[in-house]
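Novice: fold the following for me, if possible:
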Amino acid sequence: MFSDNTLSVYYYLSRFWELDTISSKHKLTPEEKRCEQIFADTTYRESDGRFVVTLPLKEPPTILGDSYNMARHRFISLERRLQKNPILQKLYFDFMREYIELGHMTEINSFDWNSTKSKVAPIKPATMPRLELCAALMGARLHSKVLQSLTLKFNESVFWCDSTIVLGWLSMTPSNLKPFVRHRISEIQDIVGGDCWRYVPSAENPADLVSRGLSADKLAHSSLWWSGPQFLQQDQSIWPQFPRSHDKSTLPETVRIFHVNVDGENVISTLFNRCSNFNALQRIVAFMSRFLKNCKLQNQNRTFGPLTTCELNNSLNLILKICQQESFPEEYNLLTSGKLLPPKNKLLSLSPFLDDNKIIRVGGRLHSSFYDYNVKHPVLLCRSNRICNLIFQIFHHKLFHAGPQLLLASIRHH
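Specialist: Model prediction:
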């Protein structure tokens, strides 16, 4: 049996453990749940092993207000107040000087802030100008991210590059560059906007310390790395200038553009008086047509090699069409638009019409005959046209100086 004292001790011990028992399942408040959710969604680990944790703010950051402009306004107000009260100004200066002597503050003459980023060159071989261009693009992207992270407003940004080729590309229109360079120059110009690019010598370029490598002890005492080139603290008039003016036509990765002035005259018609042989003229026009066609196609679909019969026939039809447009401009326009010739037109008696190739041919009652199509409906040419003379010359030599009737009949048959 237990005594009263034993029962009281037992009771109090049981009561003690009941009060100090921790629940196996803790119930989180709504704020704690939201905090844990923010931690799970935003916490991540960088490549160097460091964890990045976002502060779980209850309110959005905008509720803090514009602290920079507020601090600036208060600083200017304090400056005006000290200027009006010399005694208060002396006390303020003595207090700040004592803080500096005690080591609580450090006087900073200039604002030094560095943000760098490097990237390993791709495995695929690339030229040095292309690598320099990729570095310029990476710098422009870093500049954009820094501006988005800061609340400060900058009136001007100056970009530096030690590659004269990249600076030459940046001064050109992107449409005059090849695809690899064009895409990156366009992105840089979109990010940078109207800010300027300037030349920096390689010896004064802090980025070269990353690409060429530098030991940790030398980097710790490198003023070029921590403070930038010395000329940045001087007037802009003595900043480095571009060493020489680049001739844009000698830059690599550019597209050569040719301008042809024809003064409103058909390009092919100018060849009529320059060629003395019709076969040569026909082949020249065929190669020109092939070139124009290949310019619109991809490499695997382009045509190469000797001219085909189809290309020569198309060239002949094009020459005859241009010849008729020059000799019979009014009649050709009327027939093309589907209108009838005027009653007193000189070609009306020939019953002209347009064939499938838009060439004027002679109509008439021979369409039901058994003759060849070219015989029934010969092509209409003006005798004073240069093409007509070239055709007669080639058939004259081909038929070994045949007579006029045989020559004319052979031409009409072909």
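Novice: could you identify the longest helix within this structure?
Specialist: In the chain, with assignment by DSSP state H, the single longest helix is helix 128-149.
Novice: state the next helix or strand along the chain beyond that helix.
Specialist: Counting by DSSP states H and E, the next helix or strand C-terminal to helix 128-149 is strand 158-161.
Novice: quick one: mean pLDDT over that following strand.
Specialist: When pLDDT is averaged along strand 158-161, the result is 90.
Novice: centre of the chain to it, how far?
Specialist: The chain centroid and the centroid of strand 158-161 are separated by 19 Å, computed with C-alpha atoms, centre = their mean, to the nearest Å.
Novice: any idea how many residues pack against Phe328?
Specialist: Neighbour count for Phe328, taken as other C-beta atoms under 10 Å: 21. (C-beta placed from N, C-alpha, C; glycine too.)
Novice: neighbouring contacts of the longest helix of the chain?
Specialist: Identification of contacts with helix 128-149 by C-beta atoms under 8 Å, 6 or more residues apart in numbering yields 115, 117, 119, 121, 126, 154, 157, 159, 161-163, 165-166, 169-170, 180-181, 184-185, 187-188, 191-192, 197, 207, 252-253.
Novice: CA atoms only for that helix, dumped as PDB, please.
Specialist: What follows is helix 128-149, C-alpha atoms only, in PDB (Å, rounded to 0.1, in the frame of the first residue of the first chain):
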ATOM      1  CA  MET A 128      38.600  34.800 -82.500                       C
ATOM      2  CA  PRO A 129      36.200  37.500 -83.800                       C
ATOM      3  CA  ARG A 130      33.200  35.200 -83.200                       C
ATOM      4  CA  LEU A 131      34.400  34.500 -79.700                       C
ATOM      5  CA  GLU A 132      34.900  38.200 -79.000                       C
ATOM      6  CA  LEU A 133      31.400  38.800 -80.400                       C
ATOM      7  CA  CYS A 134      29.900  36.200 -78.000                       C
ATOM      8  CA  ALA A 135      31.700  38.000 -75.100                       C
ATOM      9  CA  ALA A 136      30.200  41.300 -76.200                       C
ATOM     10  CA  LEU A 137      26.800  39.700 -76.200                       C
ATOM     11  CA  MET A 138      27.300  38.200 -72.800                       C
ATOM     12  CA  GLY A 139      28.300  41.600 -71.500                       C
ATOM     13  CA  ALA A 140      25.200  43.200 -72.900                       C
ATOM     14  CA  ARG A 141      23.000  40.500 -71.300                       C
ATOM     15  CA  LEU A 142      24.800  41.000 -67.900                       C
ATOM     16  CA  HIS A 143      24.300  44.800 -68.200                       C
ATOM     17  CA  SER A 144      20.600  44.200 -68.700                       C
ATOM     18  CA  LYS A 145      20.300  41.900 -65.600                       C
ATOM     19  CA  VAL A 146      22.200  44.300 -63.400                       C
ATOM     20  CA  LEU A 147      19.900  47.200 -64.400                       C
ATOM     21  CA  GLN A 148      16.900  45.100 -63.600                       C
ATOM     22  CA  SER A 149      18.300  44.300 -60.100                       C
END
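Novice: from here on, call the first residue 260.
Specialist: With the count now opening at 260, the last piece we talked about shows up as helix 387-408.
Novice: just to revisit the earlier point, which among the contacts of helix 387-408 end up buried?
Specialist: Among the contacts of helix 387-408, those classed as buried by 16 or more other C-beta atoms under 10 Å are 418, 420-422, 424-425, 428-429, 440, 443-444, 447, 450-451, 456, 466, 512.
Novice: in contact with the nearest residue to Arg620 once chain neighbours are set aside, which residues?
Specialist: Distance criterion C-beta to C-beta, 6 or more residues apart in numbering; nearest residue to Arg620, sequence neighbours excluded, is His636 at 4.1 Å. Counting by C-beta under 8 Å, 6+ apart, His636 touches Phe612, Asp614, Arg620, Val621, Gly622, Gly623, Leu625, His626.
Novice: of the residues you listed, which is the nearest to Arg309?
Specialist: Nearest to Arg309 among the contacts of His636: Asp614, at 79.5 Å, using C-beta to C-beta.
Novice: grab the nearest non-local neighbour of the closest one.
Specialist: Computed as C-beta to C-beta, 6+ apart, the closest residue to Asp614 that is not its neighbour in sequence is Arg620, at 5.3 Å.
Novice: please point out which parts of stretch 396-409 sit buried.
Specialist: Neighbour-count burial for stretch 396-409, counted by 16+ other C-beta under 10 Å, picks out Leu396, Gly398, Ala399, His402.
Novice: nope, stretch 644-653 is what I was after
Specialist: Asn644, Arg645, Ile646, Leu649, Ile650, Phe651.
Novice: repeat for stretch 537-544
Specialist: By neighbour count on 16+ other C-beta under 10 Å, the buried set for stretch 537-544 is Phe537, Leu540, Gln541, Arg542, Ile543, Val544.
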